[in-house]
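Enquirer: I would like the atomic coordinates for the input below:
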Amino acid sequence: MSEPIKIDKYLSYHYGGASGDLNLIHIDNEFARAAGLNGIILQGLCTMGITANSLLGDGDPATLKSIRVRFASPVHPEDELTVEGDGGEEQERFVVRNQSEEEVITKGRALYR
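Expert: As a prediction, this is how the structure comes out:
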């Protein structure tokens, strides 16, 4: 299990600016609430990138051949995530949980070179 990863309260804004994903559910609390969410949510690909970084640690990013995830629940600013994997050398299965132990990524799989 990884050390908890605290999601910065401004990360969805930074990621949106860098990626061009400015969907209002990521940057406008009122819009997100009107859409039935509990406030703004982090972009899925940002969550996947954070997960990949956690899986790799200080390792060479080129060793990650592919990563697959199933997004199960939204990630909110200031959530704390933990990545739980089986530590496989060529293939690793993993889940990501928030501070409430709710799975935000299920059925994750990373393939390594």
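Enquirer: Which stretches in this protein count as strands?
Expert: 5-6, 64-71, 80-85, 91-97, 103-112 (DSSP state E).
Enquirer: Counting by contacts, list what the second one packs against.
Expert: Which is strand 64-71. helix 44-56, strand 103-112 (3 or more CB pairs under 8 Å, 6 or more residues apart in numbering; DSSP states H and E). Placement of C-beta: from N, CA and C, glycine included.
Enquirer: Strand partners (parallel or antiparallel) of that strand?
Expert: Strand pairing for strand 64-71, using DSSP bridges, gives strand 103-112 (antiparallel).
Enquirer: List the buried residues for the strand it pairs with?
Expert: Neighbour-count burial for strand 103-112, with 16 or more other CB atoms under 10 Å as criterion, is recorded at E103, V104, I105, G108, A110, Y112.
Enquirer: what pLDDT does the residue of the chain positioned farthest from its centre get?
Expert: Distance from the centre of the chain peaks at A34, with 23.2 Å (CA atoms, centre = their mean). pLDDT, A34: 98.
Enquirer: The most centrally placed residue in the chain: what's it in contact with?
Expert: The centroid of the chain falls nearest to T47 when counting by CA atoms, centre = their mean (1.9 Å). Residues in contact with T47 (CB atoms under 8 Å, 6 or more residues apart in numbering) are F71, V75, L81, V96, V104, I105.
Enquirer: Correct me if wrong: the fifth one contacts V83.
Expert: In this case it means V104. No - in this structure V104 lies outside contact range of V83 using CB atoms under 8 Å: 10.2 Å.
Enquirer: so what sits against both of the two?
Expert: With CB under 8 Å, 6+ apart as the test, V104 and V83 both reach V96.
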